[in-house]
Structure formats: C-alpha cells, structure tokens
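# pasted the sequence and its predicted model underneath.
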Number of protein chains: 2
Amino acid sequence: MNEKLSELYRKFDEYKAMNLSLNMARGKPGKEQLDISNDILDPALLGNYKSADGTEVRNYGVLDGIAECKKLYSEILGVPEKNIIVFGNASLTIMYDYIAQCMIFGAGDRPWACQQGIKFLCPVPGYDRHFAILEHFGIEMINIPMDAEGPDMDKVDELIKDEKVKGLICVPMYANPNGISYSERVIERFASLRPAAKDFRVIWDNAYCVHHLSDDCDKFYNIFEYASKYSNEDLFIEVASTSKISFPGAGISVMAASDNNIAAVKKRMTVQTIGYDKINQLRHAAYFRDYDGIKAHMAKHAEIIRPKFDAVLEALEKNFAGREGYSWTVPKGGYFISLDVVPGCAKRTVELCKEAGVTLTGAGATFPYHKDPEDRNIRIAPTFPSLDELKLASEILCLCAMIAEEEKNQ
Amino acid sequence: MNEKLSELYRKFDEYKAMNLSLNMARGKPGKEQLDISNDILDPALLGNYKSADGTEVRNYGVLDGIAECKKLYSEILGVPEKNIIVFGNASLTIMYDYIAQCMIFGAGDRPWACQQGIKFLCPVPGYDRHFAILEHFGIEMINIPMDAEGPDMDKVDELIKDEKVKGLICVPMYANPNGISYSERVIERFASLRPAAKDFRVIWDNAYCVHHLSDDCDKFYNIFEYASKYSNEDLFIEVASTSKISFPGAGISVMAASDNNIAAVKKRMTVQTIGYDKINQLRHAAYFRDYDGIKAHMAKHAEIIRPKFDAVLEALEKNFAGREGYSWTVPKGGYFISLDVVPGCAKRTVELCKEAGVTLTGAGATFPYHKDPEDRNIRIAPTFPSLDELKLASEILCLCAMIAEEEKNQ
C-alpha cells in the first residue's frame, strides 16, 4: 500500500470512529421544508367544503379533479384546463397506471403486452423509479446518453425507426439526477419526432418544473406548444405533482395530455375510481391560489435548500477541481447533483461511504437494470440532511471516491 | 286506457308539475353525515406529525400504511396487522389494480390476459362498479342468484369446475344492493371452495361491515378464520374503506389478504408508488383510535340514516304490502334497499321516475352488462336526500311502478 492510500485510510478510520448515520440517498425534503407547508393543513382553508363551482368536496363525485386545481396547473404547465386531470398523491402512480393501461389496452394500437419485445428509450443517468416501472412490465430499456442540452436526439431519431420502440421516459427540466434542463433545440427535436410505432409515447415527467434554486433559473418549455407545430400532441404524457411543493406523499398530482390521450385515460379512470381526494385538492388550491402563490412558496424552499447544494458543490470543488476523472453538474434547480467519479470506482465509493455511515443511492441506480456501463455515476441528494451533516457527508464522499481511485491504481 | 291507469297518470302529472329534482341513485352520505366527521380535519390530531413509531407522516416513506391504521383494521376485520395493507382513498381502486395485476402478471399462474375466455361469477343483484371493472378487462360475467342467505353455492361449486372461472366478486355483508349478509353456512361454503383454477380469487368487498342501522345487526364473519380451516386463505382478497365512515373520496382504504397475496401485491406496489397519504392515515387513526371509536361513530351515522331507510320501507309497505309481484329487502345495515317490481317493469318505472324528477340507479345496473334478465330490480339509495325529499321520492317511485304495471297489463 502506498503512503497516499494509507493516509486516506487513516482519515477514513477517523470518520468511521464517529459512528455517523447520514443519508444522501433519496430526494426527500428536510424538516424545515415540511414546516413551511403546515398551514396547508388549516381547515379554515376548506371554508364551507365547497369548490368554486359549488361541488361538495367531502362527498363522492368529480372524476378528474376540481376546477381550481386544474386551473392552477393550467397556469403552471401552459395547457388548457380540459387537458389536465388531477390525480391522487403520486405522479409515479400516474405513470405506472398509464403504462399498465398501454400494456393491457394499448395506446391506439394493439396492447403492448401482445407485442413481443417492446422497448423504451431511457436518457441516462436517469430516475431509478422510472426504470423500475419499465423493468416491472418487461419492457426492454435502451440507454440514451445525455449532454448539457439533453438526450442525444440523433440516437433517438435512429432508434425510433424500430417500431418495437414504444416510448421514452425522461425528466426534461432539472433532470433527476443531473439537473440538466433540455435546451430549446432538444425540445424542438422532441416535438418533431417521427417514430415508426403508431403507439409511441414520451412520458414527460416534469417533477421539478417549478423547483428553481434561485432567480437565475432554467427556462420552462411547454412541450405541447412545440408539439402542436408538428401535430404531435398525442406523443406526450406530461406529469407533475406538489410532492416537493407541499408534502411528499400527501400532495396532489396531475397529468397533462392531448384530447385523445385524456379521453383514453378517463375511460380507464371511470372504472378505476369514483374520484380522488377532493378535500386535499381544495386544501392545495385554496392555499396556493395561483402560479404566483406557487412561486412564492418555491422561493422559500430555495432559501432552505440552496445552501445545501452549495455545500456539496463546495466540497466537490475543493477536492476534485482540476483532478482528472471527476466531473459533476451544477444544477439551477431540482433535487440532485450528479457526480461522475473515476470510471470503475462508483460502486466501491458507495460501499466505502456506507462503511463510514453515509448512505448514498446505490451505484448503478441511475441506469436501467442498475448497470452503469462505466461504473462512475453517483447521485447526490442534498436536501434531507442538515447543513452540518451535509458538509460532513460531502467530505466523506470525496474521501471515499479518492480511496476507491487509489485502490484501483494499486 | 282504463280508469285505474287514468287515475295513476293524474297523480303522476301532479308530481310532474312540482318540477322536482330528487336523487336516490348513488350510495352517497347526506350532508348531516358528512358534518359529523368534520373534526377529522382538525390539525391538532396530527400532533407533531409523527406516527406512533416515529415516522414523519409529511415525508416519503412507508409503503403499506402506518402501524396505527393497520392496527385499527386488524381489530375490525380480525386479521393480523401483517396481513393488512393501507391504500389510498378508494377500495374500488384496490380492486381494479388487483385485477389489473392478475391480468398482466397472473395470480400464481399465467397472466389472466394470456388465458382466453376467462370468467368471473357475480352474485346478483350486485354492485355496478364491480361489474364495470370485469367488463373493462373483458372478463366474462356469469350471474349467480342469491337468496336470503347469500349466493347459490351449489351453482358456484358446479361452475368452478371450469378452470376458466377465475373468481367471484361480492359484498358479503349488507350486500349492495339487497342488504343481505351471508349466513354462516354460506361463509363456510366459501371458505371450503375447491376451484379447478389454481389462480382463482374471491374479491371480498366488505364495504359495509361496520355499517349497522341499529343494535339489531347482522353478524360479521371473518372469512380468513373460516378459510384457514381449509388452508384456503389464498383464495380471498378482502377490501374495506372509511368512505362511508369518514368522507367518501377522502378516507382510507385497506386490503386484507394472505401472506402470499400480500407479498404479491407489495411487489407491484413497490413499483407503483412510494406510499399513500400518511397524513390522512394519521388523521383517521388519531380520530377513531380503535374499533370502539369506529362503533361510536357509526352509531351516529345510524341515527341519521335509519329514519331514511324507514321512510322508504314505510312507503313500500303502504303501497305494495300483499300486492302480487312486488318484494323488497329490509336490510339491517349498508346503504341500499333492493326493490323487485313486477317483471318487465323496472326499466319503465325508472323512466317514469326520471320524468317526474326522481333519479334512480339505471334499471339493470345491478346486473352484469346492465341486463336484468327479468327487468324487475331497482336499487334504492336512501341516504343522500333529506327525509322529506325521500318520503316524496318514495311515493313517486311506488306510483311509477304501479303505472308501469298497469301499462303492461293494457
């Protein structure tokens, strides 16, 4: 063992002796963030329990959401209210249920389940829960590399000539995990896609479209506005939620889609439910009122989490600036920082971190089948730990990455 | 036209002239019932937003429900907490999703979608939304007649020799719409079923198992207790919800099932959601506390709705007692009264009611494919209208049934 590695191990042992238990694994808001939303739970917001059009929110009725919530998301996403459905507490469930529907009933063609060997394109690194849905349904996943503007659209254009390729799943703004927002050029390429499959769908997960870290933020592009130029509205299923605006697991979620897709989804919903929780919908609509209300609330979140992002970035800068083999993103919004370490070292880094009491998302999780072809990507979720914990955890992460690198060089 | 009919029409026209708008169509609680649950919305119930085991209910986490809710339904249904999953706001969605799962992944055998011509048994009259789910998935439905003890189990035993018969869907207590509770003899027959299909499932929808109209109530039989004698626990998927305990559409729902079935469902849930609304779960658990809390609350509901049931029954008794061709149930709980009119007259009765401003569930709705073979069953939902409205609506219903009868006799 060389001296350098011995020295790194010595530091590592010091951290280990601290018996830490720090978690940078999941994109969870911290307690301070949860607290700023507590007033949403004030029953005074519910008034006489009626929505603006007089609907009693405590009783059955209204399949696709109260008008106020549709209006709110109509403003945010820039689509007409008729093209919005308000669902329950999770956009993940919207996506799962939509793909399940395509499997059983198809998307304007034969059921996906009846078409052997169907595939989806997956910009990588990406969101592990997206990949889990596709894997669950036995849909083959194909990696699409990304650069600072978004996915490699030449590769997408090439692959969609195969009619077995039925779709693509992505986070177009402040992507999970690299924080990239697709450029207008990439948006235009998406809008003008000409897939061979008649039943091709892009799952456009806009989970973070209002989650700016400061006023210096990325631009939101309304995919339906661009797609309409190419009569391609049917290609896109957009989802969003208030999970990281109000409360994770207790917010509201929405789908935005074309008239055709909304009709197909409602046909299923009519059978699947009488309606979602309208009390919770009214609570949210009454608290936020409009897009300005959302913006003001998100500014409070930004105040809390920006220092956390900064702390991680400072540690990365301090340890890795100019050091070969390391790169990371500096996102302007979202919930993650994506770190690339020396190829072949991500798994070992995460393992070492765990030993030192720092839990990270499993290495490989940001790729389909948990297979990072270069074993180098690590997703960092800075929001949940306290600032002090985060500083410590970031230092440990950097140390572990360097140990992994040195071990590899032995 | 005979004089009798002319006289009936004269009365009918009088009602028509009143321009009424009364609704006995859906099993919706009335406003007074909603009001008794308002305290559930008090944020003080949420304390420090922690469940008993310290889980922060405002954040992500906990796939299958907080322990308090599992415990509550463990008491109500008499199954261990490990055999309960707490879901979102609708047991209908639990049933839809379970059958969707069987379609795509099967229930221990090949996917149902890959087995041509599968069938379900449907005790009739039954719940229209159950039938809608089966029809949606293209599952053939076979009527099973019911008597005062429950479904004709000899017919069930005969039909399940066909391995294409994959299941049965029913409301075993205070059935929708006839209010019948299955007798212990019938429960025992269910528990000991020996279907040819290895992937046979009984969807045991206990929507009304705590919805007694008075202390003179039907007995609850725990199907899992009986099924265990025959090692048949895997056959039953039980669901329930607080929809008609707290708020329709804003309550919590649960599944109770065997270890094997719980594991299979959780495997899917892990992909479909991060978890359901734990704030709402804690709200419910903190408000009701235990089964006694539920009982006390249901007694309040009974106070409100018993006079409504009585009003309908009085009208039926007054108009139809001793009259040939009419029969109805006198339920001890649940949400409905089932009226059989003279064969061939149900559709016309509902049509006439509509003309007079009284909305009823569509005739035929209580049968698969909306086909009441005798065109005689009408479902009456007495809970939503006020008592005065209900008295009036019941009189109109009786009049319309008698007009339909006289018209038929012309």
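Received, thanks. Numbering: from 1, shown residues only, chains lettered A, B, ... in the order given.
# surely residue A:232 meets residue A:191?
Yes: the pair residue A:232 / residue A:191 is scored as a contact, 5.9 Å apart, by Cβ atoms under 8 Å. In this view, the C-beta of every residue, glycine as well, is placed from N, C-alpha and C.
# hey, where'd the strands end up in the stretch 1-150 of chain A?
Counting by DSSP state E, counting those that start in this stretch, the stretch 1-150 of chain A has strands at residues A:22-24, A:84-86, A:119-124, A:140-147, A:150-151.
# can you list contacts of the fourth one?
The contact list for strand A:140-147, computed with Cβ atoms under 8 Å, 6 or more residues apart in numbering or on different chains, reads A:117-125, A:131, A:134-135, A:151-152, A:155-156, A:159, A:165, A:168, A:175, A:178, A:180, A:367-369, A:373.
# just the buried residues out of those, in PyMOL syntax.
To isolate the buried subset of these in PyMOL, counting by 16 or more other Cβ atoms under 10 Å in any protein chain shown, use the following:
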select buried, chain A and resi 118+119+120+121+122+123+124+125+131+134+135+151+152+156+159+165+168+175+178+180+367+368
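# so where's chain A uncertain?
Scanning chain A for pLDDT under 70 picks out A:1.
# what ranges do the helices span in it?
In chain A, the helices defined using DSSP state H lie at A:3-16, A:31-35, A:67-77, A:91-105, A:128-136, A:153-159, A:184-191, A:223-228, A:259-272, A:278-288, A:291-320, A:346-355, A:387-409.
# same for the fourth one, what does it pack against?
Other helices and strands packing on helix A:91-105, by 3 or more Cβ pairs under 8 Å, 6 or more residues apart in numbering or on different chains; DSSP states H and E, are helix A:128-136, strand A:201-205, strand A:236-241, strand A:253-257, helix A:259-272, helix B:91-105, helix B:259-272.
# closest one to residue B:239 among those?
Closest of the helices and strands packed on helix A:91-105 to residue B:239 is helix B:91-105, at 4.1 Å (criterion: Cβ to Cβ).
# could you give the angle of the closest one to strand B:236-241?
150 degrees (axes from the mean of the first three to the mean of the last three Cα atoms, to 10 degrees).
# what residues does helix B:91-105 touch?
A:100, A:103-104, A:113, A:137, A:271-274, B:87, B:107, B:111-113, B:129-130, B:133-134, B:137, B:139, B:166, B:169, B:199, B:201, B:203, B:205, B:207, B:237, B:239-241, B:243, B:253-255, B:264-265, B:268, B:272.
# what sits against residue A:245?
Going by Cβ under 8 Å, 6+ apart, residue A:245 touches A:37, A:210, A:211, A:251, A:288, A:294, A:297, A:298, A:301.
# roughly how far does it sit from residue B:380?
44 Å (Cβ to Cβ, to the nearest Å).
# cool, residue A:113 as well?
41 Å.
# and what of residue A:243?
For residue A:243, the distance to residue B:380 equals 42 Å [Cβ to Cβ].
# ditto for residue A:73
Taken as Cβ to Cβ, the span from residue A:73 to residue B:380 is 39 Å.
# of the two, give the one with the bigger neighbour count.
residue A:73 (29 against 25; other Cβ atoms under 10 Å in any protein chain shown).
# near chain B, which residues of the stretch 151-300 of chain A show up?
For the stretch 151-300 of chain A, the contact set with chain B under Cβ under 8 Å from any Cβ of the partner chain comprises A:243, A:247-250, A:268, A:270-280.
# okay, the strands of the stretch 1-150 of chain A in a markdown table with distance to residue B:145 next?
Shown next, in a markdown table, are the strands of the stretch 1-150 of chain A (distance: least, Cβ to Cβ, whole Å):
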| stretch | distance to residue B:145 |
| --- | --- |
| strand A:22-24 | 58 |
| strand A:84-86 | 39 |
| strand A:119-124 | 48 |
| strand A:140-147 | 48 |
| strand A:150-151 | 59 |
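# so chain A: which segments form each domain?
A:3-27+A:295-409, A:44-290 (automatic domain parsing).
# can you put the ones you listed in CSV and add distance to residue B:354?
Below are these laid out as CSV (distance: least, Cβ to Cβ, whole Å):
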stretch, distance to residue B:354
domain A:3-27+A:295-409, 47
domain A:44-290, 19
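# which one of these lies closest to residue B:18?
If you check each of those against residue B:18 by Cβ to Cβ, domain A:44-290 wins as the nearest, at 23.1 Å.
# and residue B:343, which of the domains of chain A is closest to it?
Taking the domains of chain A one by one with Cβ to Cβ, domain A:44-290 is closest: 30.0 Å.
# and the closest one, end to end?
18 Å (Cα to Cα, to the nearest Å).
# repeat that for stretch A:161-180.
26 Å.
# got a list of what the residue nearest to residue A:90 when sequence neighbours are not counted touches?
Nearest residue to residue A:90, sequence neighbours excluded (Cβ to Cβ, 6 or more residues apart in numbering or on different chains): residue B:273, at 5.1 Å. Shown in contact with residue B:273 (Cβ under 8 Å, 6+ apart): A:90, A:92, A:93, A:96, B:63.
# repeat for residue A:396
Contacts of residue A:396 (Cβ under 8 Å, 6+ apart): A:15, A:20, A:22, A:353, A:356, A:357, A:358.
# list buried residues within those.
A:15, A:22, A:353, A:356, A:357, A:358.
# just the residues you listed now: which is nearest residue B:326?
Closest to residue B:326, out of all of these and judged by Cβ to Cβ, is residue A:22, at 72.5 Å.
# mind listing what that closest one touches?
Applying Cβ under 8 Å, 6+ apart to residue A:22 gives the contacts A:357, A:358, A:359, A:385, A:389, A:390, A:392, A:393, A:396.
# switch to 7 Å and redo it
Residue A:22 makes contact with A:357, A:358, A:359, A:385, A:389, A:392, A:393, according to Cβ atoms under 7 Å, 6 or more residues apart in numbering or on different chains.
# over to residue A:329?
Contact analysis of residue A:329 by Cβ under 7 Å, 6+ apart lists A:178, A:179, A:180, A:337, A:338.
# pick out the most distant pair among these.
Farthest pair in these, by Cβ to Cβ: A:180 and A:337, 11.5 Å.
# related to what we said a few turns ago, quick one, which of the domains of chain A is nearest to residue B:26?
Proximity to residue B:26, assessed across the domains of chain A by Cβ to Cβ, is greatest for domain A:44-290 (6.6 Å).
# and for residue A:320, the neighbour number?
With neighbours defined by other Cβ under 10 Å, the count for residue A:320 comes to 19.
# my guess is it contacts residue A:314, does it?
No: the criterion here is Cβ atoms under 7 Å, and residue A:320 misses it with residue A:314 at 11.1 Å.
# just send the contacts of residue A:22 back as CSV, with distance to chain B too.
Formatted as CSV, these follow (distance: Cβ to the nearest Cβ, whole Å):
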residue, distance to chain B
A:357, 20
A:358, 19
A:359, 14
A:385, 13
A:389, 16
A:392, 22
A:393, 18
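# taking those, tell me the two that lie furthest apart.
For these, the maximum inter-member distance is 13.2 Å, found between A:359 and A:392 (Cβ to Cβ).
# looking at these two, which one has more neighbours?
Neighbour tally, residue A:359 and residue A:392, criterion other Cβ under 10 Å: the higher count belongs to residue A:392, 21 against 17.
# tell me the contacts of the more buried one?
residue A:22.
# how much space between it and residue A:353?
Distance, residue A:392 to residue A:353, by Cβ to Cβ: 12 Å.
# again, but for residue A:138
When distance is defined by Cβ to Cβ, residue A:138 is 33 Å away from residue A:353.
# picking that back up, let's see the PyMOL selection covering just the buried ones among the contacts of helix B:91-105.
The buried residues among the contacts of helix B:91-105 can be selected in PyMOL (16+ other Cβ under 10 Å) with this line:
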select buried, (chain A and resi 100+103+104+113+137+271+272+273+274) or (chain B and resi 87+107+111+112+113+129+130+133+134+137+139+166+169+199+201+203+205+207+237+239+240+241+243+253+254+255+264+265+268+272)
